[in-house]
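# Okay, here's the prediction I keep looking at, along with the sequence it came from:
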Amino acid sequence: MLYIIYIFPKTQSMEGPIISAEWLNEHMNHPRLVILDTSMERTSLQNGTGEGVLPGSRYFDLKGAFSAFDARYPNTFPDKDQFEAGARALGIGQDSLIVCYDHKGIFSSARVRWMFTYFGHPSVYVLDGGLPGWTKAGYEVEAEYSDVFKNGDFVAKATDRKIVDLSYITSEDRESKSLLVDARSAGRFNGSQAEPREGLRSGAIPGSINIPFADLLEEGHLKPRVELEEKMRVCTDSKRKEELVFTCGSGVTACVLGLAYEYITGDNDYAIYDGSWTEYASEIPE
């Protein structure tokens with residue numbers, strides 16, 4: 001029996017957790033490629049709205065099929081069975097090469113990549129620049145998502161990836177054992193800017209520090225490595241003994257910090273506080 005193996009090369013356009021629009025365009029015919037639009041809202045041109053989608057892409061419904069169905073707060077991480085069933089329904093298999101993108105550049109795509117790595121999938125990347133970067137590079141989009149695929153055989157596996165919860169955040173020794181880094185804007189963090197969720201107080205978790213995720217990006221792309229290293233020096237300090245935990249508003253942009261950290265260090269030893277400020281501010285009195 002003859003087996004044909006398609007080997008895709010790692011190049012300067014494919015660094016760690018991110019790939020470039022150029023790399024993706026060159027490998028659009030890869031037989032194991034699955035492109036996921038992970039935008040918080042669909043970007044297809046249905047009913048004359050939206051911005052179009054990358055050729056052959058499928059919609060990853062982060063707020064629906066891939067958020068815990070019975071959760072009190074938005075974007076709550078789903079359990080293993082829910083995630084596995086959703087991934088299979090999107091035609092994702094054990095050997096799929098997954099590329100995540102969103103319509104803001106790098107936003108929810110980082111969250112989706114982290115979800116797949118949490119469940120043990122090794123080949124998943126974020127498209128640097130997202131949909132805006134793709135179109136700016138001159139590549140075409142299509143009107144609608146692809147529906148030409150079969151159910152996949154994706155299996156969610158246990159890994160050493162970490163999610164922390166409210167009990168961890170409010171534990172007596174948390175401030176001494178962890179470095180908690182908030183990805184929200186400086187205004188939301190210091191309380192001078194209102195939260196986007198109506199009725200939710202602004203401010204920050206005691207003992208946390210602030211690295212706004214937007215400060216790590218330039219026109220939807222990760223900034224050059226040397227600039228990221230400077231921005232995240234407190235996280236990469238070799239003398240740091242604390243566990244690294246990223247947080248944000250609802251667990252989405254915390255993963256942008258995680259993406260940047262992995263990009264500059266090659267290390268995935270960090271945790272995400274999934275409930276983030278939405279849960280903390282709702283549950284803990286001011």
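Great, that's in hand. Numbers count the residues shown, from 1 in each chain.
# Just the residues contacting stretch 230-238, thanks.
Contact with stretch 230-238 is made by 179, 181, 209, 211, 215-216, 223, 229, 240, 244, 257, 260-261, 264-265, as judged by Cβ atoms under 8 Å, 6 or more residues apart in numbering. Bear in mind the C-beta positions are built from the backbone N, C-alpha and C, glycine included.
# who's in contact with residue 203?
Going by Cβ under 8 Å, 6+ apart, residue 203 touches 189-191, 281, 286.
# Tell me the buried residues within these.
189, 281 (16 or more other Cβ atoms under 10 Å).
# Which one among the contacts of residue 203 sits at the bottom for pLDDT?
Within the contacts of residue 203, residue 286 has the lowest pLDDT, namely 81.
# Relative to residue 280, how far out is that one?
11 Å (Cβ to Cβ, to the nearest Å).
# Do a quick rundown of the helices in the stretch 151-286 of the chain.
In the stretch 151-286 of the chain, the helices defined using DSSP state H, counting those that start in this stretch lie at 166-169, 174-177, 186-190, 225-231, 233-236, 254-265, 276-283.
# Check which residues of the first one are buried.
For helix 166-169, burial by neighbour count (16+ other Cβ under 10 Å) applies to 168-169.
# I figured residue 170 was touching residue 285, is that so?
No: using Cβ atoms under 8 Å, residue 170 makes no contact with residue 285, being 11.6 Å away.
# Could you check which of those two has the larger neighbour count?
residue 170 (13 against 5; other Cβ atoms under 10 Å).
# tell me the phi and psi of the more buried one?
The phi/psi pair for residue 170 (degrees, to the nearest 10) reads phi -100, psi 0.
# picking that back up, right, so of the helices of the stretch 151-286 of the chain, which gets closest to residue 18?
Between residue 18 and the helices of the stretch 151-286 of the chain, the tightest spacing by Cβ to Cβ is seen for helix 254-265, at 6.3 Å.
# C-alpha coordinates for that closest one, CSV please?
C-alpha atoms of helix 254-265 as CSV (Å, rounded to 0.1, in the frame of the first residue of the first chain):
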residue,chain,number,x,y,z
ALA,A,254,-6.3,36.9,28.9
CYS,A,255,-5.4,34.3,26.3
VAL,A,256,-3.8,37.1,24.1
LEU,A,257,-1.3,37.6,27.0
GLY,A,258,-0.8,33.8,27.0
LEU,A,259,-0.3,33.7,23.3
ALA,A,260,2.3,36.5,23.5
TYR,A,261,4.0,34.8,26.4
GLU,A,262,4.3,31.5,24.5
TYR,A,263,5.5,33.3,21.4
ILE,A,264,8.5,35.0,23.2
THR,A,265,9.3,32.2,25.6
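# picking that back up, nearest to residue 150, of the contacts of residue 203?
Nearest to residue 150 among these, counting by Cβ to Cβ, is residue 281 at 43.5 Å.
# right, and the closest one touches residue 204 too?
No: counting by Cβ under 8 Å, residue 281 stays clear of residue 204, with 9.4 Å between them.
# if I look at residue 248, how far off is residue 42?
Distance of residue 248 to residue 42, computed by Cβ to Cβ: 23 Å.
# neighbour count winner among the two?
residue 248 (27 against 16).
# Okay, strands next: where are they in the stretch 51-200 of the chain?
Along the stretch 51-200 of the chain, the stretches classed as strands by DSSP state E, counting those that start in this stretch are 58-59, 97-101, 124-127, 162-164, 178-182.
# With mean pLDDT added, can I get those in TSV?
What follows is the strands of the stretch 51-200 of the chain, written out as TSV (pLDDT from 0 to 100):
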stretch	mean pLDDT
strand 58-59	98
strand 97-101	98
strand 124-127	98
strand 162-164	97
strand 178-182	98
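# could I get these as TSV with distance to residue 75 and mean neighbour count?
Output for the strands of the stretch 51-200 of the chain, formatted as TSV (distance: least, Cβ to Cβ, whole Å; neighbours: other Cβ atoms under 10 Å):
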stretch	distance to residue 75	mean neighbour count
strand 58-59	16	20
strand 97-101	15	26
strand 124-127	17	25
strand 162-164	12	17
strand 178-182	16	22
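# looking at those, which is closest to residue 82?
Nearest to residue 82 among those is strand 162-164; the distance by Cβ to Cβ comes to 14.6 Å.
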